[in-house]
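Student: Any chance you could fold what I've pasted below:
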Amino acid sequence: MTSIRLVAFDLDGTLVDSAADIACAVACMSEELGLRPPDVTEVRTWVGDGLRMLLKRALGNGHDCEPPDQLYQQALSAFRRAYLANLTGQSRLYAGTLECLDRLRAQHLRLACVTNKSAEFSLPLLEALEIRQYFGLVLSGDTLAQRKPHPLPLLHAASHFGIAPDAACMVGDSRNDLLAARAAGYAAVGVRYGYGGELDGYGPDALLDSLAQLPPLLEQWTRPMARGASA
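Tutor: Next comes the predicted model:
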């Protein structure tokens with residue numbers, strides 16, 4: 001088996017528990033537009049497909065909809081103001097995140113953050129939580145022409161570092177992460193604690209309860225054995 005040399009991480013629901021601040025911004029937006037403010041449990045299920053889909057679900061009361069452009073633009077403006085004003089009020093790194101990043105960096109692995117979150121939010125969030133410096137590359141939902149589950153961001157990351165996709169691993173909490181990994185030829189690792197729900201049906205090579213389990217898993221994969229077991 002090819003040893004893993006590049007690890008790409010999702011952001012929301014994988015490295016950072018940001019649902020409360022996103023839900024607060026959605027609630028502010030909803031109140032400004034005269035809509036029912038959703039609770040954080042609802043918003044957790046809407047995260048992961050980019051800002052446009054988040055707002056469509058909020059405007060559709062949890063259902064994907066195609067709102068009039070004027071309404072969408074009002075929602076976008078209201079959400080941006082609310083979220084940028086309170087980007088890290090309650091957002092926190094998940095337990096095990098710093099331990100994982102420190103160990104992988106000590107092992108001289110290349111690290112990337114590949115998220116569907118817009119760059120105007122992802123980059124300040126990484127900076128505020130003091131983990132931006134771990135990543136040699138950050139790809140946000142609006143960096144390239146496609147976002148996860150399309151393989152382009154992961155293929156771009158592999159090319160950026162000059163590393164073959166089969167020597168790379170994608171770690172995330174949603175089907176988008178695992179589907180992108182499979183399409184790009186990456187190893188696919190899911191986390192059980194995030195926002196994406198059950199991931200077993202998307203063929204993960206491993207499922208983790210904490211990112212602290214990732215470094216020893218990758219070390220194990222450097223020895224001759226088959227992927228596919230949960231950690």
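Student: mind checking which helix or strand residue 25 is in?
Tutor: helix 19-32 (DSSP states H and E).
Student: mean confidence for that helix?
Tutor: For helix 19-32, the mean pLDDT works out to 95.
Student: contacting residues around residue 44?
Tutor: Applying Cβ atoms under 8 Å, 6 or more residues apart in numbering, we find residue 44 in contact with 13, 19, 23, 195. C-beta coordinates here come from the backbone N, C-alpha and C atoms, glycine included.
Student: Could you tell me how far it is located from residue 208?
Tutor: 19 Å (Cβ to Cβ, to the nearest Å).
Student: tell me the angle of the lengthiest helix in the chain relative to helix 19-32?
Tutor: In the chain, with assignment by DSSP state H, the single longest helix is helix 69-85. Angle, helix 69-85 to helix 19-32, by axes from the mean of the first three to the mean of the last three Cα atoms, to 10 degrees: 140 degrees.
Student: Quick one: list the elements packing against helix 69-85.
Tutor: helix 19-32, helix 51-59, helix 119-128 (3 or more Cβ pairs under 8 Å, 6 or more residues apart in numbering; DSSP states H and E).
Student: Reformat those helices as JSON lines; add mean neighbour count and distance to residue 212.
Tutor: As requested, the helices and strands packed on helix 69-85 are exported to JSON lines (neighbours: other Cβ atoms under 10 Å; distance: least, Cβ to Cβ, whole Å):
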{"stretch": "helix 19-32", "mean neighbour count": "21", "distance to residue 212": "21"}
{"stretch": "helix 51-59", "mean neighbour count": "20", "distance to residue 212": "29"}
{"stretch": "helix 119-128", "mean neighbour count": "18", "distance to residue 212": "20"}
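Student: Let's have those in TSV, adding distance to residue 148.
Tutor: Formatted as TSV, the helices and strands packed on helix 69-85 follow (distance: least, Cβ to Cβ, whole Å):
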stretch	distance to residue 148
helix 19-32	18
helix 51-59	12
helix 119-128	13
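Student: so which of these comes closest to residue 203?
Tutor: Relative to residue 203, the nearest member of the helices and strands packed on helix 69-85 by Cβ to Cβ is helix 51-59, separated by 23.3 Å.
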